[in-house]
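Engineer: Give me a 3D structure for the following:
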Amino acid sequence: MLSGRHRAMLILGPTGSGKTPLGEFLERHGLLGGRCVHFDFGAHLRRAAERGGEGGLFARRDLRIVRDVLERGALLEKETFYIAARILADFTARRKLGDRDLLVLNGLPRHRQQAEDLEPLVALERVVMLRCPAETVVERIRKNSGGDRAGRTDDSLERVTTRLQVFTARTAPLLEYYRVRGVPVATVEVAVRTSPRDVCKALSF
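Structural biologist: Sure thing, here's the model as predicted:
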């Protein structure tokens, strides 16, 4: 691992597929005897939009960008990736990540350019893909199967549909991006009642 890069694992999957519950489960239980730290990028963006930034981390222009991205269901692009990098750096500093800790990435990267921009910051060791069809996503969100949708204001059918379209077009291709770079990729089929423990059992974690 290059100096300054954190060991990392990436959870991929459409909205509602259980990324956040899985990340929280891994943080509580660890992986292969080691400490895991879950980084939920979407939660940090929503928190910034709601609270107006904390500790001077964001300028007003940055907050306008964050709120616009959330409102449109869009993604941070190359020219605004500095926002994601700043959030990640603040998070890893506050959580005091050590060389042996595993950073569990959820929601970052979301497309190839972000993956390339993230390269200097993390050393990705594995990717877990939660495969979940659209009709199952809608049902999981309706039933709050993962227990992580409370307080979400962006779960309307219209916004969920937009996020699913963006995932298919921009995020799903990351599987092949990482495969050709030799990063191990594992896929788990997610049903309405699939739990984080079920995912870990399927992956033999």
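Engineer: tell me the SS of Glu24?
Structural biologist: Per DSSP: H, G, I helix; E, B strand; the rest coil, the local secondary structure of Glu24 is helix.
Engineer: so who does it touch?
Structural biologist: With contact taken as CB atoms under 8 Å, 6 or more residues apart in numbering, Glu24 is in contact with 38, 148, 196. C-betas here are computed from N, CA, C, even on glycine.
Engineer: contacting residues around the first one?
Structural biologist: What that stands for is His38. Applying CB under 8 Å, 6+ apart, the residues near His38 are 20, 23-24, 26-27, 104, 106.
Engineer: The second one now?
Structural biologist: Asp148 makes contacts with 20-21, 24, as judged by CB under 8 Å, 6+ apart.
Engineer: The last one too?
Structural biologist: With contact set as CB under 8 Å, 6+ apart, Pro196 has these partners: 18, 21-22, 24-26, 146.
Engineer: Could you find the closest non-adjacent residue to it?
Structural biologist: Phe25 (3.6 Å; CB to CB, 6 or more residues apart in numbering).
Engineer: now swap in the first one and tell me
Structural biologist: Counting by CB to CB, 6+ apart, Gly23 is the residue found nearest to His38 once chain neighbours are left out, at 3.6 Å.
Engineer: quick one: furthest residue from the center of this protein?
Structural biologist: Distance to the chain centre peaks in the chain at Arg60, reaching 24.4 Å (criterion: CA atoms, centre = their mean).
Engineer: all strands of the chain, in order?
Structural biologist: Using DSSP state E, the strands of the chain run over residues 6-12, 36-40, 102-106, 122-131, 185-189.
Engineer: Wait, Ile87 touches Arg46, no?
Structural biologist: No: counting by CB atoms under 8 Å, Ile87 stays clear of Arg46, with 11.5 Å between them.
Engineer: okay, those two: which has more neighbours?
Structural biologist: Taking neighbours as other CB atoms under 10 Å, Ile87 and Arg46 compare with Ile87 leading, 22 against 18.
Engineer: From Asn106, how far off is the residue lying closest to the more buried one once chain neighbours are set aside?
Structural biologist: Nearest residue to Ile87 in three dimensions, chain neighbours excluded: His44, at 5.0 Å (CB to CB, 6+ apart). According to CB to CB, to the nearest Å, His44 and Asn106 sit 10 Å apart.
Engineer: now Leu26
Structural biologist: Distance, Leu26 to Asn106, using CB to CB: 10 Å.
Engineer: quick one: low-confidence parts of this protein?
Structural biologist: Scanning the chain for pLDDT under 70 picks out 1-4, 53-56.
Engineer: Output the contacts of Pro196 in a markdown table, with distance to Ala115 appended to each entry.
Structural biologist: Converted to a markdown table, the contacts of Pro196 look like this (distance: CB to CB, whole Å):
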| residue | distance to Ala115 |
| --- | --- |
| Gly18 | 22 |
| Pro21 | 24 |
| Leu22 | 20 |
| Glu24 | 23 |
| Phe25 | 24 |
| Leu26 | 21 |
| Gly146 | 25 |
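Engineer: Can you name the two of those that sit furthest apart?
Structural biologist: The two members of the contacts of Pro196 with the most space between them (CB to CB) are Leu26 and Gly146, at 13.6 Å.
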